[in-house]
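Asker: Sequence plus the predicted model coming up.
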Amino acid sequence: MHHLQRDEALAFIGVYQHFLETLRQPGGKESVLQNLAQARALFLEQPAMLGTYRTRHPQQPAEIIEAIASLRVKRWIYLRDTANYSIFLDPNGNAAYAVHGLTQRLREVTGGMTGCVITTGVFAWDGIFVCDGIVADLVWLGSNIKRDFSGRLKILRQQGQFFFCPWATGAWQ
């Protein structure tokens, strides 16, 4: 499956969006997605804000707060989809990840194509990697570059650096 179960995804989205909205400055004219991306960037600069949010909203599920705390935002190489997950390469080329979407396949988020560089967040959820769905700075890769990254993926698999589970040794560097 390329994405979370609907109930899980909606629960995560509700808490994550609420948290990010508590960080936003009111009155911005940007789109909702741009506002969320800006709030996410602020959170990454000041991660203690999540502890403050948890204190002010103790009713929020601990597993969702922990997932938000595990968030890694990078300019990922989104190489392609398989039948069950999307393949992300770390921008430094030292690891690859099987990443699931929140409510839809990542290919649907990027307009039906794969083979691009995107700025997005990936978090740990119930033993899998999940994309937070806030995607920015999408740049398409040419066929030669995609081929080079596919070759790099093959090497990473051989080296045991292709991760399906966040809790695997070395997965979350």
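Answerer: Great, that's in hand. This is a predicted model, so every value here is computed, not measured.

Asker: Stretch 68-77 spans what distance, first to last residue?
Answerer: Here the two ends of stretch 68-77 are set 21 Å apart, with distance taken as C-alpha to C-alpha, to the nearest Å.

Asker: and it, average pLDDT?
Answerer: With pLDDT averaged residue by residue, stretch 68-77 scores 95.

Asker: buried sites along it?
Answerer: Burial within stretch 68-77, assessed by neighbour count using 16 or more other C-beta atoms under 10 Å, is assigned to 68, 70-73, 76-77. In this view, the C-beta of every residue, glycine as well, is placed from N, C-alpha and C.

Asker: same check, this time on stretch 117-130
Answerer: Of the residues in stretch 117-130, those with enough neighbours to count as buried (16+ other C-beta under 10 Å) are 117-125, 128-130.

Asker: Turn the residues you listed into CSV, including secondary structure, pLDDT and distance to D81.
Answerer: Shown next, in CSV, are those (DSSP: H, G, I helix; E, B strand; the rest coil; pLDDT from 0 to 100; distance: C-beta to C-beta, whole Å):
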residue, secondary structure, pLDDT, distance to D81
V117, strand, 95, 16
I118, strand, 94, 14
T119, strand, 95, 19
T120, strand, 95, 15
G121, strand, 96, 19
V122, strand, 96, 15
F123, strand, 94, 19
A124, strand, 92, 20
W125, strand, 89, 19
I128, strand, 92, 15
F129, strand, 94, 14
V130, strand, 94, 15
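
Asker: Farthest pair within those residues?
Answerer: Pairwise distances across the buried residues of stretch 117-130 (C-beta to C-beta) peak at 23.3 Å, for the pair V117 and W125.

Asker: ok, now how distant is F12 from H57?
Answerer: Noted for F12: a distance of 14 Å to H57, by C-beta to C-beta, to the nearest Å.

Asker: Over to L33?
Answerer: L33 is 23 Å from H57, where distance means C-beta to C-beta.

Asker: and what of D148?
Answerer: When C-beta to C-beta is applied, the distance between D148 and H57 equals 45 Å.

Asker: and if you look at S31?
Answerer: When C-beta to C-beta is the yardstick, S31 and H57 sit 25 Å from each other.

Asker: neighbour-wise, which of these two wins?
Answerer: Between S31 and H57, counted using other C-beta atoms under 10 Å, H57 has the larger neighbour count: 13 against 9.

Asker: which phi and psi does that one have?
Answerer: Taking degrees, to the nearest 10, you get phi -130, psi 60 for the backbone angles of H57.

Asker: Quick check: pLDDT value at it.
Answerer: What the model reports as pLDDT for H57 is 96.

Asker: got the contact list for it?
Answerer: H57 makes contacts with H18, as judged by C-beta atoms under 8 Å, 6 or more residues apart in numbering.
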